[in-house]
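Q: return a 3D structure for these sequence lines:
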Amino acid sequence: MDISMRQLTEIPRAEALSLLAGATLGRIVFTAHALPAVRLVSHIVEEAAIVIRSHYGAAIIRVRPEGDGGPRERAANDIVVAYEADEFDSDAGLGWSVAVTGTAALVRDPGDIARYERMLPAWNKDGGIAGQFVRICPEIVTGYRFACGTG
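A: Here you go, the predicted structure:
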């Protein structure tokens, strides 16, 4: 395909979130040690929020000293993250990309956690890592559709 023939069109927010809901994997971008970090994760979209599953001790968790000097994990709440998913057929020159910027917080509600346990299974074969869930509340949603031009 001639790359000069590719057309790029913006996708409205609602459609972009709908496309994101249909994707199974995406990439979360966050800050680790003052540098950008990216991880591949599975997700769901629920009520315009993106929910991902991560393992305990994941890089999106901050560590702070406890009163006795020992480390204590604390979930990073209201941290700014980006989330991106896409689908692209390079042979046909068709696809889309959606990027979300917003704040992320650890899911703490036991009912939500139980529901997400069923909706987002662990990646390991035996399902033994309980993990945790992080909810991303989108503030900026950008989506683009790629298509071949007609000449």
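Q: CA only for contacts and neighbour counts going forward, please
A: Noted.
Q: please identify the pairing partners of the helix or strand that contains residue 85 and their relative orientation?
A: Using DSSP states H and E, residue 85 sits within strand 79-89. Taking DSSP bridges as the criterion, strand 79-89 forms sheet pairs with strand 25-32 (antiparallel), strand 94-106 (antiparallel).
Q: and the last one, which residues are buried?
A: Translated: strand 94-106. Buried residues in strand 94-106, counting neighbours by 16 or more other C-alpha atoms under 10 Å, are found at 94-106.
Q: export the residues you listed to a markdown table and tack on distance to residue 53 and pLDDT?
A: Converted to a markdown table, the buried residues of strand 94-106 look like this (distance: C-alpha to C-alpha, whole Å; pLDDT from 0 to 100):
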| residue | distance to residue 53 | pLDDT |
| --- | --- | --- |
| 94 | 29 | 90 |
| 95 | 26 | 94 |
| 96 | 24 | 96 |
| 97 | 21 | 97 |
| 98 | 19 | 98 |
| 99 | 18 | 98 |
| 100 | 17 | 97 |
| 101 | 18 | 97 |
| 102 | 17 | 96 |
| 103 | 15 | 94 |
| 104 | 12 | 92 |
| 105 | 12 | 89 |
| 106 | 10 | 88 |
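Q: could I get those as a markdown table with distance to residue 11?
A: Shown next, in a markdown table, are those (distance: C-alpha to C-alpha, whole Å):
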| residue | distance to residue 11 |
| --- | --- |
| 94 | 14 |
| 95 | 12 |
| 96 | 9 |
| 97 | 9 |
| 98 | 8 |
| 99 | 11 |
| 100 | 13 |
| 101 | 16 |
| 102 | 18 |
| 103 | 22 |
| 104 | 23 |
| 105 | 27 |
| 106 | 29 |
